[in-house]
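# turn this into a model:
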Amino acid sequence: MESQRTQSIRTVSARLNSIHAAMYFSSTVGAVYAEHGLEPGVEGNLVARTAPLGRVEPGVVSAAYYNYSPNFIADLLPGLWEKVTPEEMVRARFDAVAAYMHELFGDRDDIALLTEAATQVTETIEPVLAAMDFAGRTLAAATADTIGRHRPNTAFEKLWDSATIAREFRGDGHVASLVTAGVPGIDALMLDVAAGTGFRPRAAQKTRGYTDEEWQTAQSGLAEAGLITVDKDERGFDLPAITEAGRELKEQVELLTDGTVAAAWSVLDDEHIEYLLSPTRTLVKVIAQSGAFPTSVFAQPAKKAG
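Just a heads-up that it's a prediction; the model follows:
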């Protein structure tokens, strides 16, 4: 069983992920991306997150993201670079962050309290970011490079920058852990769905670009392996549910992932890590109450999105 320190790092990391991912379903963000000819949602988010890598081949993006359909990425991505360059999209993403953070926090009566919370989080995790070794973490390294050139205008934009680096750093470690555990990307996605803590099944399949045949094949394989069971929801769609064996596999991967970030977090003592719990809870509560993670997409407020 994981230690209290490890559990606290997981909790803080999940909240940083929520701070990063809150903008993915925002119409305000979608409008910024639409100015560059991109459809709000999957197109805009895909190009925005990919832009730090530059105009790489689709296979590189599929490898970095891990749980997207490679065929979907191969079909979609080249045409998107006809609409916008990676350099333009890096700037557009920061414009979108600024617009979204202003919408989320700008007019609140408790802005002083929230600004203090954002500053506390950013300043406390600064040593963690400085201690990160990006070797073997392609997406995190590229993202950190572009964010390093960003000049945020508010405490909330700066918070998003720090949260995003932390998110991609752990994310790359999570991908390495899934590879080590022998869990393919589509299986990892479906196990998250089956655990009921992230995407709803149809939303996961659609946003990650899997065909019905690919989805059914993966679902059947996990069911045969005893990692999920499959029932029906109220509309008659398949509803996978994780088994104890599935939970054990997910925990194995999480323990491996914990190990990939332990060195970076070692620069903070237990007291500083515990200190992060309160301000991150305050900030994520605002995000959750804003409807950033719609119930039509998520089974409950997401811990892993994007």
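# residue boundaries of the helices in the stretch 201-306 of the chain?
201-208, 212-224, 244-265, 270-275, 277-289 (DSSP state H, counting those that start in this stretch).
# quick one: the fourth one to chain centroid distance?
In other words, helix 270-275. Between the centre of helix 270-275 and the centre of its chain there are 23 Å (C-alpha atoms, centre = their mean, to the nearest Å).
# CA atoms only for it, dumped as PDB, please.
The C-alpha coordinates for helix 270-275 follow below in PDB (Å, rounded to 0.1, in the frame of the first residue of the first chain):
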ATOM      1  CA  ASP A 270       6.300  16.000   3.700                       C
ATOM      2  CA  GLU A 271       5.100  19.200   5.200                       C
ATOM      3  CA  HIS A 272       5.400  21.200   2.000                       C
ATOM      4  CA  ILE A 273       3.600  18.500   0.100                       C
ATOM      5  CA  GLU A 274       0.800  18.400   2.600                       C
ATOM      6  CA  TYR A 275       0.700  22.200   2.400                       C
END
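# show me what it is packed against.
helix 4-21, helix 111-130 (3 or more C-beta pairs under 8 Å, 6 or more residues apart in numbering; DSSP states H and E). Using the backbone N, CA and C atoms, a C-beta is placed for each residue, glycine as well.
# returning to that earlier point: so which of the helices of the stretch 201-306 of the chain is the most packed in?
Counting by mean count of other C-beta atoms under 10 Å, helix 201-208 has the highest mean neighbour count of those, with a mean of 19.
# low-confidence stretches in this structure?
1-2, 300-306 (pLDDT under 70).
# kindly list the longest helix within it.
In the chain, assigned by DSSP state H, the helix with the most residues is helix 155-181.
# now whichever helix or strand comes after it and helix 201-208, what's the angle there?
Per DSSP states H and E, the first helix or strand lying C-terminal to helix 155-181 is helix 185-195. Interaxial angle, helix 185-195 versus helix 201-208 (axes from the mean of the first three to the mean of the last three C-alpha atoms, to 10 degrees): 150 degrees.
# isn't residue 47 right up against residue 38?
Yes. Counting by C-beta atoms under 8 Å, residue 47 touches residue 38, with 6.0 Å between them.
# find residues that contact each of the two.
80, 84 (C-beta atoms under 8 Å, 6 or more residues apart in numbering).
# between those two, who's got more neighbours?
Between residue 47 and residue 38, residue 47 has the larger neighbour count (other C-beta atoms under 10 Å), namely 25 against 22.
# quick check on that one: phi, psi?
phi -70, psi -40 (degrees, to the nearest 10).
# three-state assignment of the residue nearest to residue 27 when sequence neighbours are not counted?
In space, and not counting its chain neighbours, residue 27 is closest to residue 40: 6.9 Å by C-beta to C-beta, 6 or more residues apart in numbering. Assigned by DSSP: H, G, I helix; E, B strand; the rest coil, the conformation of residue 40 is coil.
# can you count the residues close to residue 40?
17.
# now swap in the one 10 residues further on and tell me
Counted by other C-beta under 10 Å, the residues lying close to residue 50 total 24.
# now the angle from the helix or strand where it lies to helix 4-21?
Here residue 50, judged by DSSP H and E, is contained in helix 42-50. If you take the same axes, to 10 degrees, helix 42-50 sits at 120 degrees to helix 4-21.
# using PDB, list the CA coordinates for the helix or strand just after helix 42-50.
Under the assignment DSSP H and E, the closest C-terminal helix or strand after helix 42-50 is helix 58-65. The C-alpha atoms that make up helix 58-65 are tabulated as PDB, following Å, rounded to 0.1, in the frame of the first residue of the first chain:
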ATOM      1  CA  PRO A  58       1.700  11.500 -36.900                       C
ATOM      2  CA  GLY A  59       3.400   8.500 -35.500                       C
ATOM      3  CA  VAL A  60       5.500  10.600 -33.100                       C
ATOM      4  CA  VAL A  61       2.300  12.200 -31.800                       C
ATOM      5  CA  SER A  62       0.600   8.800 -31.400                       C
ATOM      6  CA  ALA A  63       3.500   7.500 -29.500                       C
ATOM      7  CA  ALA A  64       3.600  10.500 -27.200                       C
ATOM      8  CA  TYR A  65      -0.200  10.500 -26.500                       C
END
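# helix 58-65 packs against which elements?
Using 3+ C-beta pairs under 8 Å, 6+ apart, helix 58-65 sits against helix 70-80, helix 138-148.
# one more pass at 6 Å, please.
helix 70-80 (3 or more C-beta pairs under 6 Å, 6 or more residues apart in numbering; DSSP states H and E).
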